[in-house]
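[1] This is a predicted model, with the sequence first.
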Amino acid sequence: AIDAAAASPARDLVVVYPGASVPFTNPMGFYLENPVIYSPIKLQGIGPGGIYTDGTYIPGTIIDGRGVGGNEIYAEWWRTNVGDLWLNRGGWDGSPVDGDGNPRLYEGPVLTVFAEDGEFENGYQASIDGFRIQGGDQQGFPNNINQVGGGRIPGVPAEVVIQGGGIFVNGYARFLRITNNQIENNGGAYAGAIRLGTPDRDGDYKDNHNDDILIAHNRIVGNGGTNLAGAIGVFAGADNYEIAANDICGNFSAEYGGGISHYGESPGGSIHHNRIYFNRSYDEGGGIMIAGELPADPTILSPGAGPVDVYANLLQGNLANDDGGGYKV
């Protein structure tokens, strides 16, 4: 359906109803797949579903990304699909390439968003709405040389294969809306639930161009990140982003920002009317962390985080092992 929408000249809405329910193997009818959004479509679920106290079950639209593993055939299919998309579309902006012009890919998110400059616009805002997103599985620390791969796409340099996470937004996804989702039980490099861009990039890739993104009315629970962010990671070039009216609970970061980590220069952002509680970071900012990127050269000043409005949030019961249990700037 995503491929058909991408090929259509119209502005398309893709509605995803619950999958086939199979007793004992898939009673909730979830989709065991890792879709790639590569055109400005609206991807619409019917809600996360759930179980009432009397045991009555209401089916929802669930996407479970646990099927990607470094040595599994499904991961090979995913790489082939993304490699074909890269070739057929002539690449997408914001993706680093090696000396032979091949893309460097971050694998394993439940949902991946690739965009080209000028393709995602305010006139028809691409969106991910009404899903339960679960099962993103990070399988190696980003600098762990024991978990490397990528050679199955010719010319792609070896790097950590499965970085996982719930939603990874690569770059140039301006005006994207991530709303009304339940994002839970995902683990990822750089962020467990939602990752906007990639940190610590060089030169022309420093700015991820993920401007004017809205993250609102989501329930983000029980996600974990190995570095820089636990639940939501906002990296350089997410100017004018808005994180509003979310429940962000029980997330963990092995570094900064257990709930939200704004890391890098993204001026004009706002974080408001969220409930941020019982999150934890191993280092700083159990609830919220706002920081500039650390330059590789210690004699150079960081460009900072840019001005950010943080107001009208409930921060409660968050814990940091270093500074800022609730909020660190």
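    Happy to help now that I have it. As the structure is a computational prediction, the values presented were derived from the model and not from experiment.
[2] if I pick the residue nearest to residue 264 when sequence neighbours are not counted, what's in contact with it?
    Of all residues beyond its chain neighbours, the one nearest residue 264 is residue 236 (3.0 Å), with distances taken as C-beta to C-beta, 6 or more residues apart in numbering. Using the backbone N, CA and C atoms, a C-beta is placed for each residue, glycine as well. By C-beta atoms under 8 Å, 6 or more residues apart in numbering, the contact set of residue 236 is 197, 199, 201, 206, 207, 208, 263, 264, 265, 266, 293.
[3] these two touch, right, the last one and residue 200?
    Which is residue 293. Yes: Residue 293 is in contact with residue 200 according to C-beta atoms under 8 Å; the separation is 6.0 Å.
[4] more crowded one of these two?
    Comparing residue 293 with residue 200 by other C-beta atoms under 10 Å, the one with more neighbours is residue 293, at 19 against 16.
[5] can you give me phi and psi for the nearest residue to the more buried one once chain neighbours are set aside?
    Leaving aside its sequence neighbours, residue 293 sits nearest to residue 264 (C-beta to C-beta, 6+ apart; 4.7 Å). The phi and psi torsions at residue 264 (degrees, to the nearest 10) take the values phi 110, psi 170.
[6] Relative to residue 72, how far out is residue 264?
    33 Å (C-beta to C-beta, to the nearest Å).
[7] Neighbour count for the two, which is higher?
    Per other C-beta under 10 Å, whichever of residue 264 and residue 72 has more neighbours is residue 264, with 30 against 12.
[8] For the more buried one, give me the pLDDT.
    At residue 264, the model reports a pLDDT of 95.
[9] Same check on residue 174?
    pLDDT, read off for residue 174, is 97.
[10] ok, it - how many residues close by?
    Residues near residue 174, counting by other C-beta under 10 Å: 23.
[11] show me the contacts for it.
    Contacts of residue 174 by C-beta under 8 Å, 6+ apart are 115, 120, 121, 122, 209, 210, 211, 212, 213.
[12] Adding neighbour count, write those out as CSV.
    Listed next are the contacts of residue 174 as CSV, based on neighbours: other C-beta atoms under 10 Å:
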residue, neighbour count
115, 24
120, 25
121, 12
122, 8
209, 20
210, 29
211, 19
212, 19
213, 28
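[13] Just put those in JSON lines and tack on distance to residue 305 and pLDDT.
    As requested, the contacts of residue 174 are exported to JSON lines (distance: C-beta to C-beta, whole Å; pLDDT from 0 to 100):
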{"residue": "115", "distance to residue 305": "24", "pLDDT": "91"}
{"residue": "120", "distance to residue 305": "24", "pLDDT": "94"}
{"residue": "121", "distance to residue 305": "26", "pLDDT": "93"}
{"residue": "122", "distance to residue 305": "25", "pLDDT": "95"}
{"residue": "209", "distance to residue 305": "17", "pLDDT": "94"}
{"residue": "210", "distance to residue 305": "15", "pLDDT": "96"}
{"residue": "211", "distance to residue 305": "15", "pLDDT": "97"}
{"residue": "212", "distance to residue 305": "17", "pLDDT": "98"}
{"residue": "213", "distance to residue 305": "16", "pLDDT": "98"}
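[14] Tell me the one of those residues nearest residue 184?
    Residue 184 has its nearest neighbour among those in residue 213, at 20.5 Å by C-beta to C-beta.
[15] correct me, but the closest one touches residue 238?
    Yes: Residue 213 is within contact range of residue 238, at 6.1 Å (criterion: C-beta under 8 Å).
[16] shared neighbours, the two?
    Common contacts of residue 213 and residue 238, defined by C-beta under 8 Å, 6+ apart, comprise residue 196.
[17] Most remote residue from the middle of the chain, which is it?
    The C-alpha centroid of the chain is most remote from residue 54, which lies 34.2 Å away (C-alpha atoms, centre = their mean).
[18] Would you check how far apart it and residue 27 are?
    Between residue 54 and residue 27 the distance is 17 Å, computed by C-beta to C-beta.
[19] and the gap between residue 211 and residue 94?
    Using C-beta to C-beta, residue 211 is found at 12 Å from residue 94.
[20] Can you name the residues that contact residue 266?
    234, 235, 236, 237, 238, 239, 241, 305, 306, 308.
[21] so which strand or helix has it?
    Taking DSSP states H and E as the definition, residue 266 sits outside all helices and strands.
[22] Not including adjacent chain positions, what is the nearest residue to it?
    Distances taken as C-beta to C-beta, 6+ apart put residue 238 closest to residue 266, at 4.2 Å, once the chain neighbours are dropped.
[23] Give the burial count for the one you found, as a bare number.
    29.
[24] Is it part of a helix or strand, or is it coil?
    Following DSSP: H, G, I helix; E, B strand; the rest coil, residue 238 is assigned to coil.
[25] Just to check, residue 112 is in contact with residue 168?
    Yes: between residue 112 and residue 168 there is a contact under C-beta under 8 Å: 5.1 Å.
[26] These two: who's more crowded?
    Shown here are residue 112 and residue 168; by other C-beta under 10 Å, residue 168 has more neighbours (28 against 23).
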